[in-house]
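Chemist: Have a look; sequence and predicted model below, questions after that.
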Amino acid sequence: MRLFPFLFLLLVLLFNYGFSESGVGAGYQLMVAVPVEYEVNFKGRAFLVETNQTAPNFRVALSIEAINGKYSCSLEVFLGDVKVWDSGHYSRFYITEKCLLELTMDGDLRLKGPKERVGWKTGTSGQGVKTSDLIFFEFNFYVLPIRNVVNIKVNKFTKDGILGQQLDVATRLTSSQSNSSLFYFSFEIEDKKVALYLNYGKLRYSYWGFQPTMNRSITYIKLSSRGLLLFDVKYKKIAQIPSEGIHPLRFLALNNETGNLGLYHYSPEKGKFEASFQALNSTCDLPISCRPYGICTFSNSCSCIQLLANENKGGADCSGGITGGFCNGKEAEMLEIDNISSVLKNVTRVVNISKKTCESLCLQDCKCAAALYFGNASTDEAECYLYRLVLGLKQVEKGTGFSYMVKVPKGTVKSHERHNVKRWVLIVAGGVDGLIVLLLVGGFGYWLVKRRSYSLHSRAGTT
């Protein structure tokens, strides 16, 4: 699916914020010097617009940041503690010596480096723009609510906040893809639903969705003060995701670290933005609550699959070196784990087959990394899901019919333990939960013994 540009209509209403028209007029320049030597974690800002007349406050800054051994220059827009836009989100402008923000005489707002090199511009030259309060920006951008990068679309930007976010069908809002992670998230508006996706290279798995009743089609969605509204081609509201708070909503955001979708309000009491609605409320329902080959347990903690002959105990990698190589002739077998499911959807699905056949399908496909089998004995229902990622695993109740099978190198599972494989792995997966239960039971037992001992001593003292 093509990534559509999002329209960001930013009106820097300097008059409303107490700034004169002459403050940022045609010919205006603001320069920030770049450190001569590279300093790790360096970040400097020069604010050209800042106001405290309203809550949350509004700020525009020229920023210099140390990234990957170089300095990046960007224009940033803040609403309270939320960075609502950054010119360098998708394309960094690396500079030396200095960075210059300039509103040209013909109305183009630009970021420039040494030798007049232009790294970013609004493209508004020749359109009659004389002051920055008249500039309309149109480009990709993102929101950063409480340290988490997201994308949004804005129709209005006022002193009261970001209002009327509207997204058309076939639009994707994507999180930032950091250098340390190969995954990124997307919130997508489709014909029949809105959904969250985990993206990894060309792989794309859904993990949450909301769709109108009666199979109705979506034309666009819009954020109101009370919820996220879904509309059809006739501009009629067909569904709503309501806010769960009392404060009016300001924006929707996609959490860059967890992939959760939130509708945010501003809390005057706490002086910050908070979520009035979150798509996923359980840690184990998040797609990367645990690392690959990790299982999210009932206690919302993570446990590795450790029944591996070549396991790397104490390491940070749950895979234990079992990934890859299956398309290069490496022989494989399946490690079965009962009562484990996956939150990832939108995968290859085969129905009405046996567990053995499901296992064989994964073994025959060298790119298949795992298979999830669901069988309901009472209805003869059987489903097989094939995955190319071992991710999003979570523990489920016994008797639900889920069985997860992980592809491992042949001989990984020790032959003398094969008869006890599923039970052994389940103990490992539930080890943290078992420890918690053991501590609770042990503590209660200790309390009973102490209480009985105290009672005996009390009786002895009164006789």
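Modeler: Cool, the structure landed. Numbers count the residues shown, from 1 in each chain.

Chemist: where does the stretch 201-350 of the chain have low pLDDT?
Modeler: Across the stretch 201-350 of the chain, the stretches falling below the confidence threshold (pLDDT under 70) are 306-317, 320-324.

Chemist: Same question for the stretch 1-150 of the chain.
Modeler: Scanning the stretch 1-150 of the chain with the threshold set as pLDDT under 70 gives 1-24, 127-150.

Chemist: one more time with 90
Modeler: By pLDDT under 90, the weakly predicted segments of the stretch 1-150 of the chain are 1-32, 46-61, 68, 76-92, 102-109, 121-150.

Chemist: Strands of the stretch 51-200 of the chain, residue ranges please.
Modeler: Assignment of strands within the stretch 51-200 of the chain using DSSP state E, counting those that start in this stretch yields the ranges 58-67, 70-79, 82-86, 93-95, 98-103, 109-112, 118-121, 156-158, 161-163, 166-168, 172-174, 183-189, 194-200.

Chemist: residues contacting D285?
Modeler: Taking C-beta atoms under 8 Å, 6 or more residues apart in numbering as the contact definition, D285 lies against Y207, W208, V343, K394. (Each C-beta comes from the backbone N, C-alpha and C, glycine too.)

Chemist: how about 10 Å then?
Modeler: By C-beta atoms under 10 Å, 6 or more residues apart in numbering, the residues touching D285 are Y207, W208, N260, A279, C296, V343, G392, K394.

Chemist: same deal with V343?
Modeler: Going by C-beta under 10 Å, 6+ apart, the list of residues near V343 reads 198, 205-208, 280, 282, 284-289, 296, 391-394.

Chemist: Quick one: mark the members of the residues you listed that sit in helices.
Modeler: Helix and strand membership here follows DSSP state H; of these, not one is in helices.

Chemist: Can I get the buried part of the residues you listed as one ChimeraX selection?
Modeler: Selecting just the buried residues from the contacts of V343 in ChimeraX takes one command, with 16 or more other C-beta atoms under 10 Å as the test:
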select :198,205,206,207,208,280,284,285,286,287,288,289,296,391,392,393,394
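
Chemist: L196 versus S276, what's the distance?
Modeler: For S276, the distance to L196 (C-beta to C-beta, to the nearest Å) stands at 18 Å.

Chemist: and what of C384?
Modeler: Looking at C384 against L196, where the rule is C-beta to C-beta, the gap reads 24 Å.

Chemist: What sits closest to I95 if chain neighbours are left out?
Modeler: Nearest residue to I95, sequence neighbours excluded (C-beta to C-beta, 6 or more residues apart in numbering): G113, at 3.9 Å.

Chemist: quick one: the one you found from L100, how far?
Modeler: The value you get for G113 to L100, if C-beta to C-beta is used, is 7 Å.

Chemist: doesn't T357 fall inside a strand?
Modeler: No: the assignment for T357 is helix, going by DSSP: H, G, I helix; E, B strand; the rest coil, so no strand is present there.

Chemist: Am I right that it is in contact with E383?
Modeler: No: if you go by C-beta atoms under 10 Å, T357 and E383 don't touch, sitting 11.9 Å apart.

Chemist: quick one: which of the two has more around it?
Modeler: Set side by side, T357 and E383 show unequal neighbour counts under other C-beta atoms under 10 Å, the larger going to E383 at 17 against 13.

Chemist: Compute the number of surrounding residues for E37.
Modeler: 5.

Chemist: sec struct for it, please.
Modeler: Criterion first, three-state DSSP; result for E37: coil.

Chemist: swap in the one 4 residues further on?
Modeler: The three-state label for N41, taken from three-state DSSP, comes out as coil.

Chemist: where do the contact lists of T357 and E383 overlap?
Modeler: Common neighbours of T357 and E383 are listed as V350, Y373 (criterion: C-beta under 10 Å, 6+ apart).

Chemist: what's the spacing between N339 and K394?
Modeler: N339 sits at a distance of 10 Å from K394 (criterion: C-beta to C-beta).

Chemist: Please read the previous query as pertaining to L386.
Modeler: Plainly put, L386 is 18 Å away from K394 if you go by C-beta to C-beta.

Chemist: Using TSV, please lay out the strands of the stretch 51-200 of the chain together with distance to S319.
Modeler: Formatted as TSV, the entries for those read as follows, by distance: least, C-beta to C-beta, whole Å:
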stretch	distance to S319
strand 58-67	29
strand 70-79	33
strand 82-86	34
strand 93-95	35
strand 98-103	42
strand 109-112	42
strand 118-121	40
strand 156-158	45
strand 161-163	41
strand 166-168	37
strand 172-174	26
strand 183-189	15
strand 194-200	14
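
Chemist: Of those strands, flag the one that's most buried.
Modeler: The densest packing among the strands of the stretch 51-200 of the chain, expressed as mean neighbour count by mean count of other C-beta atoms under 10 Å, is seen in strand 82-86 with a mean of 23.

Chemist: Where do the domain boundaries of this protein fall?
Modeler: Following automatic domain parsing, one gets these domains for the chain: 1-139, 142-281, 294-429, 435-463.

Chemist: Which strand residues bridge S303?
Modeler: Bridge pairing for S303 (DSSP bridges) gives the partners I295.

Chemist: Surely it touches S289?
Modeler: No: the pair S303 and S289 fails to qualify as a contact (C-beta under 10 Å) at a distance of 11.7 Å.

Chemist: Can you check which residues contact both of these two?
Modeler: Taking C-beta under 10 Å, 6+ apart as the contact rule, S303 and S289 both touch I295, C296, L393.

Chemist: Need those in CSV (columns: distance to E333).
Modeler: Compiled in CSV, the shared contacts of S303 and S289 are given as follows (distance: C-beta to C-beta, whole Å):
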residue, distance to E333
I295, 20
C296, 25
L393, 19
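
Chemist: now the angle from the helix or strand hosting R250 to strand 183-189?
Modeler: Taking DSSP states H and E as the criterion, R250 maps to strand 249-254. For strand 249-254 against strand 183-189, the angle by axes from the mean of the first three to the mean of the last three C-alpha atoms, to 10 degrees is 130 degrees.

Chemist: Adjacent strands (with direction) for strand 249-254?
Modeler: Looking at strand 249-254 with DSSP bridges, what it pairs with is strand 261-267 (antiparallel).

Chemist: Dump the strand it pairs with to PDB, restricted to CA.
Modeler: Provided in PDB are the C-alpha atoms of strand 261-267 (Å, rounded to 0.1, in the frame of the first residue of the first chain):
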ATOM      1  CA  LEU A 261      -3.400   3.800  19.500                       C
ATOM      2  CA  GLY A 262      -4.700   6.600  21.800                       C
ATOM      3  CA  LEU A 263      -7.100   9.500  21.900                       C
ATOM      4  CA  TYR A 264      -5.500  12.200  24.000                       C
ATOM      5  CA  HIS A 265      -6.900  15.100  26.100                       C
ATOM      6  CA  TYR A 266      -5.100  17.800  28.000                       C
ATOM      7  CA  SER A 267      -5.300  17.600  31.800                       C
END
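
Chemist: Could you check how far the closest residue to G262 other than its chain neighbours is from P56?
Modeler: With sequence-adjacent residues excluded and distances taken as C-beta to C-beta, 6+ apart, G262 is closest to A275, at 4.0 Å. Applying C-beta to C-beta, the value for A275 to P56 is 15 Å.
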